[in-house]
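1. My questions concern the predicted model and sequence given below.
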There are 4 protein chains.
Amino acid sequence: MSEPAWIKNSILARRGSAGKKSGSHHSLSEAKQGKFHYVYGPYAEPVLEIEPGDSISVETLDAFGGALKSERDKPSKKLQFPYLNPQSGPISVKGAEKGDCLAVFIKGVETRGAQPAGTTCLVPEFGGLVSTSATAMLHSPLPERVKKMRIDKAGVHWNEKIVLPYEPFIGTIGVSPEIEAISSLQPDYHGGNMDLPDIGPGAILYLPVHTKGALLYLGDCHATQGDGELCGVAVEQAATVTARVDLIKGWSFAWPRLETESFIMTIGSARPLEDAARIAYRELIRWMVADYGFEELDAYLFLTQAGRIRLGNMVDPKYTIGASVLKKYVCA
Amino acid sequence: MSEPAWIKNSILARRGSAGKKSGSHHSLSEAKQGKFHYVYGPYAEPVLEIEPGDSISVETLDAFGGALKSERDKPSKKLQFPYLNPQSGPISVKGAEKGDCLAVFIKGVETRGAQPAGTTCLVPEFGGLVSTSATAMLHSPLPERVKKMRIDKAGVHWNEKIVLPYEPFIGTIGVSPEIEAISSLQPDYHGGNMDLPDIGPGAILYLPVHTKGALLYLGDCHATQGDGELCGVAVEQAATVTARVDLIKGWSFAWPRLETESFIMTIGSARPLEDAARIAYRELIRWMVADYGFEELDAYLFLTQAGRIRLGNMVDPKYTIGASVLKKYVCA
Amino acid sequence: MSEPAWIKNSILARRGSAGKKSGSHHSLSEAKQGKFHYVYGPYAEPVLEIEPGDSISVETLDAFGGALKSERDKPSKKLQFPYLNPQSGPISVKGAEKGDCLAVFIKGVETRGAQPAGTTCLVPEFGGLVSTSATAMLHSPLPERVKKMRIDKAGVHWNEKIVLPYEPFIGTIGVSPEIEAISSLQPDYHGGNMDLPDIGPGAILYLPVHTKGALLYLGDCHATQGDGELCGVAVEQAATVTARVDLIKGWSFAWPRLETESFIMTIGSARPLEDAARIAYRELIRWMVADYGFEELDAYLFLTQAGRIRLGNMVDPKYTIGASVLKKYVCA
Amino acid sequence: MSEPAWIKNSILARRGSAGKKSGSHHSLSEAKQGKFHYVYGPYAEPVLEIEPGDSISVETLDAFGGALKSERDKPSKKLQFPYLNPQSGPISVKGAEKGDCLAVFIKGVETRGAQPAGTTCLVPEFGGLVSTSATAMLHSPLPERVKKMRIDKAGVHWNEKIVLPYEPFIGTIGVSPEIEAISSLQPDYHGGNMDLPDIGPGAILYLPVHTKGALLYLGDCHATQGDGELCGVAVEQAATVTARVDLIKGWSFAWPRLETESFIMTIGSARPLEDAARIAYRELIRWMVADYGFEELDAYLFLTQAGRIRLGNMVDPKYTIGASVLKKYVCA
């Protein structure tokens, strides 16, 4: 799989330890993974160790570990909290230390497994328009429902009439915190369950490293998703993720960042939702100041006119927002 | 100004009292307006009465009533709360009653006045990343700053290097509540200060009518704006708004709606921000159920995969979000 | 009705125009009131004009205007939004101008009308643990329910076994904004529907004046209420309110304040709830700095150890919190 | 230390495995503890194993591990995130399993260490009225400040004039989650950094058990604290905690509960703050339904009139609220 031309001018290429050099390729199959993980933390043994610049192919499970096999399955029967959202990894990256940045160039997210390969559903006490364990109300849950969909070259077959484009991404990806073990259901400063559609093929994700080896985890791929992941469950799929991983020594910041051909983005996760937006925008200002010569208040005024917001999720323990600005304005 | 072809198939054309017929044209100049308004309410006399199907040209002031004339002006000196965000109108529409819907097809938003015609600024205790009267903190305000910009055919001239596209819209527009008089700084169920970039040329805004004559107000045009209107002040401009106004009898709903060639959108305003998103998405589901044959939970599942969120403002007394879905999926 | 001794040392006594002098007494009966009001604004004619220092007795309606007469009544049938929470007034106070403070010493809140005089109920789409118009969800409303209770010397007769103490207060009280007409269902900087139990007999409420005559409104008395007014409806009652009203010239601040024998309190209303707490605590710090010799950060540190929070409501369009500190610490 | 009489009728006494029987006493000194912990999780070895009914004395450190020794110390220099809020434990309780409840009767919290034993301070980017890592703003931090105070029989000596009562409690206490390791700075369903003043001598805390042995942690004692812990730092002290620990087999619920002589309380932690209140009140309703014969909607209506809210903290990663009701109403 060849890389797009812009990658040569990316931050990854300019600042990565391996930079433009390609390294070895590693496969992390479901079998090799063995036991999947339900927390992002430093307490699990790495399942794979790679060098900066190496590429990986990872077989991920869907968010339910495949437990929802038919539309007759009941989520409340088949799913067992907290053993949800199984993660592949952790993958240790040689030389990575607290204070560095892990760069993950996502090359592909390919559906795997039998058809219908896509699953969405209504889970009791979970979702953006229902009473939950946190926004606790007295209503009875909505009825449970599971919907399975074919996913193929043509797209995501919602029903006889509607086919949505296949716009896959990695729902959950991140590195280990320093001492915490954070549920794979939660997004935070370490990445995690951000459910942000920009984290897909063609993007480079930059993650601040908190512990030796960085300890990369990933899983929870989506075939497509609307802004906010409204009911809490995208078109979930088992997938094979291909990526190139590099290390930027000494580049440290507070929250995940992302680069595509056209924009740079910062990612914040918090409740209430405005705090996620505040985090993302403040990080973007800090980035513009640190690396692109902006004066702070001028960056603030400029993003007021040219900033863009992408709502990742409004359903997980923290809500996720990406704030972006076009590279043609800030990186010229 | 001819209308785009899709308008013939719009809800406005299909359900409007005047429908595809064109009515008279009315000009509401600054002079004719005389006194501008700072609340949306039923206590002001209409400055103009029109028939459904009539067109209007309205000369609006900028959000500061033109008080910020130079970059040396201090907002805290020149602006006098609550006399901010002056509104043109109210325009009474014959036959409009509570329970109807006012349809406003926005045809143009043209800059008027001397150059530099665009103004943005930092106002103490106002903005998305500062202590405000509501998110009250102990910090001293950021320094005040006023920035003036040329706006012309080429776009919005941010500085020597950056020219942003001219993507104008109406920051504040709505109808009168039944008995309340709501500050023109606030968005709510009646419309008002939504600061949502989708409310621009080429869009039809649908507003639920609460009082006899509907009493349309508008003002606060922006030459361009980023998602969230981060510092609270877009590229503000005095402008001439042209629009065609129609009435849909007996179409009633809770929050403003919008239609473009490609999508339908519902608009919610609330704090915290997730409540604005909840309102918008629930309204969109209700619309899909009422008019497009969706079953409620299927609409919920579908928007989870295909819904789109636009952040209007995260700075006004209520935050505003638009939730949309492509017409090709729901209106086919 | 004699006044408690501490009143002589209150801010009211020390700074009021009338101060310790008693003025005339005015009765505002239901008949004299005639039409009740559903907004707090400057657009209604005063029903009574008084001098600073005068006393008033006001016959208020309950929040439903008496429409819920039996436990078989359905709120959704009997209540007609926005004609809820009828208010007595406005009462104009001679000499009151923007920049002044209105002081209302509440002397009594006495149940009136036939037994059972107390009403609570479940209203669809309203309450702290249900889907509402703002925290919009897909659940069906809870069942409606009306509960009537006897209120007498012994207290509020919840049922055969439980009698709650009679701890009455004024749920909604405030002055007119300068140009807005704010729904009587909403609390804000002008007072309004705060639903804060501290605003009862023995307390002095201080309200910043925004318009000539101040224009005092009040209504919505509660026989008792828990913190937060959880389901949205306290033990509502028609009541006779007695109060003495004074004017403090040139005392201006942003949000309502309150004084009792033992503490001073500031009152903030906002969403999310933490913003109500922030407003209240910041106002309390500002008060301690302005009038009691505290240095700002020392006041911040001190309230961290000695501040007290009372949750008024978590159900109205804005939530209300009172922050207080003992007078023995700050006023000595 | 003899126990108060009401304990004999407490839930602990009636349902505990040991019940009214007293067990052995265990001391967990600072030396015996050795390494303190900064996460609540199942990955640390128990430092002590006890039987249900046993008593413990635990020497806790203050929230800074004693690092702030003088008023000239700068928190930003002396404190090293995430190594804040050191915890004693974990203490394993024999027989405790997921689905059980751990009951901790707090008998004493005694100041230890040299005078001045109390510390409060302003920490950059932390506190209720400042820009933080989550409510991210562009303001510069407030000045740092450390204040040391004598704590003795007379109380907490704030300054020459003000002495606050000694009202100590345990700021951080809880059990291990099943698989997560949660920062000791955060409160959640497992307990943790709740900073709720009710968790002090004379109260019984009930914690749902998630893992074998329960794994009790505690620390962060406060000599006194205002509602909300406004600046984020109470009067912090090293202390000796004495408690009796029992186990209630098969009593399972979602969030911590508390019992005193006069009331029962449920404790919720979340952002925004209204969600903490919703959690707490819903849990209280569920408790009243499960154990005290209330019908759900009647409990909802009743708490509307008689519920009480205590704000623990409005500064930690989640905010904490306790909702309570008098035992005389519900347990009779």
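-> Okay, I see it. Keep in mind that this is a model prediction, so the values were computed, not measured. Residues are numbered from 1 along each chain as shown, chains lettered A, B, ... in the order given.

2. OK, contacts around the spatially most distant residue from the centre of chain A?
-> Ranking residues of chain A by C-alpha distance from their mean position (Cα atoms, centre = their mean) puts A:Leu138 at the top, at 32.7 Å. Listed by Cβ atoms under 8 Å, 6 or more residues apart in numbering or on different chains, the contact partners of A:Leu138 are A:131, C:129-130, C:142, D:282, D:285, D:296-297, D:300. For glycine as for every other residue, the C-beta is placed from the backbone atoms N, C-alpha and C.

3. Are any of these buried, and if so which?
-> A:131, C:129-130, C:142, D:282, D:285, D:297, D:300 (16 or more other Cβ atoms under 10 Å in any protein chain shown).

4. among those residues, which two are most distant?
-> A:Ser131 and D:Leu297 (15.1 Å; Cβ to Cβ).

5. wait, is A:Gly232 part of a strand?
-> No - counting by DSSP: H, G, I helix; E, B strand; the rest coil, A:Gly232 falls outside a strand, being coil.

6. Does it touch A:Met314 like I think?
-> No - judged on Cβ atoms under 8 Å, A:Gly232 makes no contact with A:Met314 at a distance of 9.1 Å.

7. any common contacting residues for these two?
-> Listed contacts common to A:Gly232 and A:Met314 are A:Gly128; contacts here mean Cβ under 8 Å, 6+ apart.

8. Tell me where the longest helix sits in chain A.
-> Ranked by residue count under DSSP state H, the longest helix found in chain A is helix A:273-292.

9. Now do the helix or strand just after it and helix A:273-292, the angle between them.
-> Sequence order places helix A:296-306 as the next helix or strand after helix A:273-292, per DSSP states H and E. Per axes from the mean of the first three to the mean of the last three Cα atoms, to 10 degrees, the angle that helix A:296-306 makes with helix A:273-292 is 120 degrees.

10. Please point out which parts of helix A:296-306 sit buried.
-> A:297-306.

11. Using PDB, list the CA coordinates for that helix.
-> What follows is helix A:296-306, C-alpha atoms only, in PDB (Å, rounded to 0.1, in the frame of the first residue of the first chain):
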ATOM      1  CA  GLU A 296      -2.100  33.800  21.300                       C
ATOM      2  CA  LEU A 297      -5.000  36.300  21.100                       C
ATOM      3  CA  ASP A 298      -4.600  36.500  17.300                       C
ATOM      4  CA  ALA A 299      -5.000  32.800  17.100                       C
ATOM      5  CA  TYR A 300      -8.100  33.100  19.300                       C
ATOM      6  CA  LEU A 301      -9.600  35.700  17.000                       C
ATOM      7  CA  PHE A 302      -8.600  33.700  13.900                       C
ATOM      8  CA  LEU A 303     -10.200  30.500  15.100                       C
ATOM      9  CA  THR A 304     -13.300  32.400  15.800                       C
ATOM     10  CA  GLN A 305     -13.600  33.000  12.100                       C
ATOM     11  CA  ALA A 306     -12.000  29.800  10.600                       C
END
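
12. thinking again about what came up before, out of the buried ones among the contacts of A:Leu138, flag the one nearest to C:Tyr166.
-> Taking Cβ to Cβ as the measure, C:Tyr166 sits nearest to D:Tyr300 out of these, at 21.9 Å.

13. Tell me who's in contact with that closest one.
-> D:Tyr300 neighbours (Cβ under 8 Å, 6+ apart): A:138, C:122, C:127, C:129, C:230-231, D:285.

14. So A:Gly171 is in contact with A:Gly191, correct?
-> No - A:Gly171 is beyond contact range of A:Gly191, at 10.9 Å (criterion: Cβ under 8 Å).

15. The residue farthest from the centre of chain A sits in which helix or strand?
-> Assigned by DSSP H and E, A:Leu138 falls within no helix or strand.
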